[in-house]
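S.K.: could you look at this predicted model? Sequence included:
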Amino acid sequence: QVQLMESGGGTAHVGGSLRLSCAASGLSLENYAVAWFRQASGKEREFVAAINRNGFSFYADFAKRRFIIDRDNAKNTGYLQMNSLRPEDTAVYYCAVISPFVSRQATDYADWGQGTQVTVSS
């Protein structure tokens with residue numbers, strides 16, 4: 001049974017940083033692409049970033065130059081480093097896995113974590 005557990009969310013000030021983690025079990029993460037999505041209150045879930053099995057990363061425009069996605073296959077864990085946070089980054093952040101190719105569409109992902117809340121205060 002695939003399980004994904006996000007952690008690292010919380011409250012940050014504008015311009016601050018948070019590092020999210022996604023611990024996977026029930027699978028070998030090295031065989032999957034890892035993605036992060038977010039969902040703000042009243043809005044649809046949107047793509048943030050993804051990293052494929054070869055370590056190549058993809059970002060939404062709002063995440064470029066601010067967020068960094070990474071993975072540690074030995075720890076079966078994915079990460080999202082978020083810098084220069086803005087109030088509009090406030091959302092629940094979810095990790096998801098997919099094989100073999102990255103997708104920017106949430107509907108393509110079957111396995112999700114429970115989400116972690118990120119709140120950016122001004």
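M.R.: Received the coordinates, thanks. Residues are numbered from 1 along each chain as shown.

S.K.: can you tell me which residues contact Leu4?
M.R.: Counting by Cβ atoms under 8 Å, 6 or more residues apart in numbering, Leu4 touches 22-24, 95-97, 111-113. Glycine gets a C-beta too; all of them are placed from N, C-alpha and C.

S.K.: report the separation between the nearest residue to Thr116 once chain neighbours are set aside and Tyr32.
M.R.: In this structure, Thr116 finds its nearest non-sequential neighbour in Gly9, 3.3 Å apart by Cβ to Cβ, 6 or more residues apart in numbering. Distance of Gly9 to Tyr32, given as Cβ to Cβ, to the nearest Å: 22 Å.

S.K.: what do you get for Phe101?
M.R.: Phe101 is 10 Å from Tyr32, by Cβ to Cβ.

S.K.: from the contacts of Leu4, which is closest to Arg53?
M.R.: Using Cβ to Cβ, Val97 comes nearest to Arg53 of these, at 10.4 Å.
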